[in-house]
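# coordinates only, no sequence provided:
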């Protein structure tokens, strides 16, 4: 019993955490409850119920299935479902007309053939990457509606009426979902995508800011756990691709809102995201240098520590400026430009100090780690430049 | 009109390509068509139709919605849908009993409250990461069934009968989908995951194999496009995380088949995948060295070319051996072990040649690129070792 109790406590803890992390989740849950309650009122008002009968349940179903977290996703599913039902209904009625010209015995065979053909072809369509990204749900609903109407129509001969009722109930349900989703604390996928891209760039900046200190600190100092978690932030960036892509897909459905117009260049965000991930890859390699035991020797350190630290600091400032510029949507971060220039100068310093100093009394092997770090940092800087360019576009 | 024609041709081309790439897609489409046809036979046999009436459509719906590409996904959705319908049906009947104790006027209010509460709470449950991974669909269906039965029950007072019919039609539909999916050319998610992990490791090996040649070739030789595409293979690895995770989730639903037992350690594959991606990150950084213009100077090259090339070759052989060992599921690739040992020796050679030779007449700056490559390769080797260890587990 104590075990059960601790399980329940754990569960509640997690629920609380999830709610605090993003309060929109709680609001979303309440919105879904509200939308379903609203739509189920249809059952209680006799005049509406008389019109639709048992089909009124399609409205409830549509709300449950269409209502998603963000406005874009809800709109996308709603439009997909409505259009697919409309097209499939039309085709199914057509198929009925065609098959009714055949004899009593062949009619079910012809209908079965239609069902088989459409189901197979549309299922195959779902494998097309472009289709899958935006119309997957619509294609599924197409198969569903077509088969339902084709098959049930054979029975009750009221095909047109049935198709009509199904379409209007689905429109009512879809409209309810979309209106409630948009009007009560809407969650915009575009906003989320925008913030995600900015936060990802900021995380890289955070890493680089902490990196200098972490790399050059003497072994005695214990780094705080706090610092460590900042350094781990870039790992999320590496795995952000699928989230970004689905958010961009949803965002394309969204109308003009807040700072974004209808055809905002969402593709550009994916590009920035891709370069950010490339940069994060370099940083993962840098992180490998941190973990490995062969740090630079004190002598080497003393000579190039300053320049290396400056490189990473300036680069981190540049990244943070870019992230800020994205967040506030200002045109072009001139500060970032100067930071990049500064870090390049620092990189040149490192290079020249390697060149001019003759390093007579040091082992070449001892410089290697520092050199690796330097050249990775140079890579990171050029990535940062690319990010800045894409943001500018 | 010509435009339309070329569009259609393009479309057919792509369809052909998709079909050739993975013929199981075509078979899957035909399977879906067959399953729907089978289930729609219920409408044509009077005895069965009499029993279920219009509810027979739930069977068709279930087949359309549950039938997925892999056995694991289909089973998962089928079980989710059946169990969720059963539980939701039971609870909805209970809610009805409770509300029927209230007066005529309060009854719809109490039912509405139940609907709101359950919908909101279960929607929130869908945000739990663990729930989302395996039971997302079940929770959706739970809300759906609960609301439908609660709401419609108020009308026709045959709640129990309706819940019963809904459950049995869904079971019939689910069973049809699962049986056809399993018996006709089944696609196992576990197999796919297994192959994906092996192929990803192989792709890294391919890159390293080509890398030596590409890095040390003189500027005159034009590299063939073929080579380039091999070198780009690792990029897919970087983005494989979400695919791997969903495959692992599906695989957990699958029963014993072919070489896998029921509780195959699928988590282990995710671990291997994570290390593979880490390794791919280093390789992305190596690739950055290829693209950048500052290649090693001829003099430096001559000295360490051989050892560097040997490092990358041996490491690539080791990766390929590991991949092969996964594919054939042999216990432990001793060949891989010796390749790793070889590449480590080569790495030591590079180190010592950097150390012992005094490099009097060369500019330190010219060695830097080569040094970077070397230390990245050393990182890759240690990653390879980690992969080998995880595979061993």
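Cool, the structure landed. From a predicted model like this one, the values you see are computed outputs, not experimental measurements.

# could you use CA atoms for every contact and neighbour count after this?
Will do.

# which residues touch residue A:69?
Taking C-alpha atoms under 8 Å, 6 or more residues apart in numbering or on different chains, we find residue A:69 in contact with A:25, A:28, A:187.

# okay, and which of those map to helices?
Counting by DSSP state H, these place A:25, A:28 in helices.

# could I get the contacts of residue A:69 in a markdown table, plus columns for neighbour count?
Below are the contacts of residue A:69 laid out as a markdown table (neighbours: other C-alpha atoms under 10 Å in any protein chain shown):
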| residue | neighbour count |
| --- | --- |
| A:25 | 19 |
| A:28 | 23 |
| A:187 | 20 |
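
# can you give me the distance of the most centrally placed residue in chain A to chain B?
Geometric centre of chain A, nearest residue: residue A:243, 2.6 Å, by C-alpha atoms, centre = their mean. Computed as C-alpha to the nearest C-alpha, to the nearest Å, the residue A:243 to chain B distance reads 9 Å.

# residue A:83 too?
To chain B, residue A:83 is 18 Å away according to C-alpha to the nearest C-alpha.

# look at the residue nearest to that residue when sequence neighbours are not counted and give its secondary structure.
Nearest residue to residue A:83 in three dimensions, chain neighbours excluded: residue A:138, at 7.5 Å (C-alpha to C-alpha, 6 or more residues apart in numbering or on different chains). Following DSSP: H, G, I helix; E, B strand; the rest coil, the label given to residue A:138 is helix.

# correct me, but residue A:138 touches residue A:76?
No. Look at residue A:138 against residue A:76 with C-alpha atoms under 8 Å: they stay out of range, at 9.1 Å.

# hang on, the earlier thing: as TSV, the contacts of residue A:69 with distance to chain B and pLDDT would be great.
Below are those laid out as TSV (distance: C-alpha to the nearest C-alpha, whole Å; pLDDT from 0 to 100):
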residue	distance to chain B	pLDDT
A:25	7	88
A:28	8	89
A:187	15	84
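
# turn the contacts of residue A:69 into a markdown table, columns for distance to residue A:256.
Output for those, formatted as a markdown table (distance: C-alpha to C-alpha, whole Å):
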| residue | distance to residue A:256 |
| --- | --- |
| A:25 | 23 |
| A:28 | 21 |
| A:187 | 13 |
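
# how many neighbours does residue A:188 have?
Residue A:188 has 22 neighbours, counted by other C-alpha atoms under 10 Å in any protein chain shown.

# give me the distance from the helix or strand hosting residue A:195 to the chain's centre.
Per DSSP states H and E: residue A:195 is located in helix A:189-216. With C-alpha atoms, centre = their mean, to the nearest Å as the basis, helix A:189-216 stands 17 Å off its chain's centre.

# before we move on, which element is the residue nearest to the centre of chain A in?
helix A:241-251.

# who touches that helix?
Where contact means C-alpha under 8 Å, 6+ apart, the residues beyond helix A:241-251 that reach it are A:70-73, A:76, A:133-134, A:188-190, A:192-193, A:196, A:266-267, A:270, A:273-274, B:239, B:242.

# hmm, try it at 6 Å
Residues from elsewhere that reach helix A:241-251 (C-alpha atoms under 6 Å, 6 or more residues apart in numbering or on different chains): A:72, A:73, A:189, A:190, A:193.

# for the stretch 151-300 of chain A, what spans make up the helices?
Taking DSSP state H, counting those that start in this stretch as the test, the helices found in the stretch 151-300 of chain A are A:159-183, A:189-216, A:225-232, A:234-238, A:241-251, A:266-291, A:298-328.

# before we move on, back to that, now the residue nearest to the centre of chain A: how far from residue A:250?
Separation of residue A:243 from residue A:250 (C-alpha to C-alpha, to the nearest Å) stands at 11 Å.

# do residue A:116 as well
Here the criterion is C-alpha to C-alpha. By it, residue A:116 lies 32 Å from residue A:250.

# what's the answer for residue A:256, then?
Taken as C-alpha to C-alpha, the span from residue A:256 to residue A:250 is 13 Å.

# when the two are compared, which one has more neighbours?
Between residue A:256 and residue A:250, residue A:250 has the larger neighbour count (other C-alpha under 10 Å), namely 24 against 11.

# give me the low-pLDDT residue ranges for chain A?
A:44-54, A:153-159, A:212-231, A:258-264, A:288-305, A:330-336, A:343, A:347, A:350-393 (pLDDT under 70).

# and with 50 instead?
Within chain A, the stretches with pLDDT under 50 are A:219-223.

# neighbours around the nearest residue to residue A:171 once chain neighbours are set aside, how many?
Counting by C-alpha to C-alpha, 6+ apart, residue A:82 is the residue found nearest to residue A:171 once chain neighbours are left out, at 6.2 Å. Residue A:82: 25 surrounding residues under other C-alpha under 10 Å.

# is residue A:82 part of a helix or strand, or is it coil?
Residue A:82, by the three-state scheme (three-state DSSP), is helix.

# could you check how far it is from chain B?
Distance from residue A:82 to chain B, by C-alpha to the nearest C-alpha: 17 Å.

# same check, this time on residue A:171
17 Å.

# tally of neighbours for that residue?
Quick note: residue A:171 (other C-alpha under 10 Å) scores 23 neighbours.

# try the one 5 residues further on
Residue A:176 sits with 23 neighbouring residues when counted by other C-alpha under 10 Å.

# what's the angle from the helix holding residue A:195 to helix A:266-291?
20 degrees (axes from the mean of the first three to the mean of the last three C-alpha atoms, to 10 degrees).

# which of the residues in stretch A:24-40 are buried?
Buried positions in stretch A:24-40, judged by neighbour count with 16 or more other C-alpha atoms under 10 Å in any protein chain shown: A:25-40.

# one more: stretch A:76-95?
Neighbour-count burial for stretch A:76-95 flags A:76-86, A:88-93, A:95 (criterion: 16+ other C-alpha under 10 Å).

# again with stretch A:237-251
Residues A:237, A:238, A:239, A:240, A:241, A:244, A:245, A:247, A:248, A:249, A:250, A:251 are the ones in stretch A:237-251 that count as buried (16+ other C-alpha under 10 Å).

# how about stretch A:131-144?
Buried residues in stretch A:131-144, counted by 16+ other C-alpha under 10 Å: A:134, A:135, A:136, A:137, A:138, A:139, A:140, A:141, A:142, A:143, A:144.

# which one among those gets closest to chain B?
residue A:144 (6.2 Å; C-alpha to the nearest C-alpha).

# my read is that closest one is in a helix, agree?
Yes. Assessed with three-state DSSP, residue A:144 lies in a helix.

# and it, what does it touch?
If you count contacts by C-alpha under 6 Å, 6+ apart, residue A:144 has none.

# 7 Å instead?
By C-alpha atoms under 7 Å, 6 or more residues apart in numbering or on different chains, the contact set of residue A:144 is B:61, B:64.
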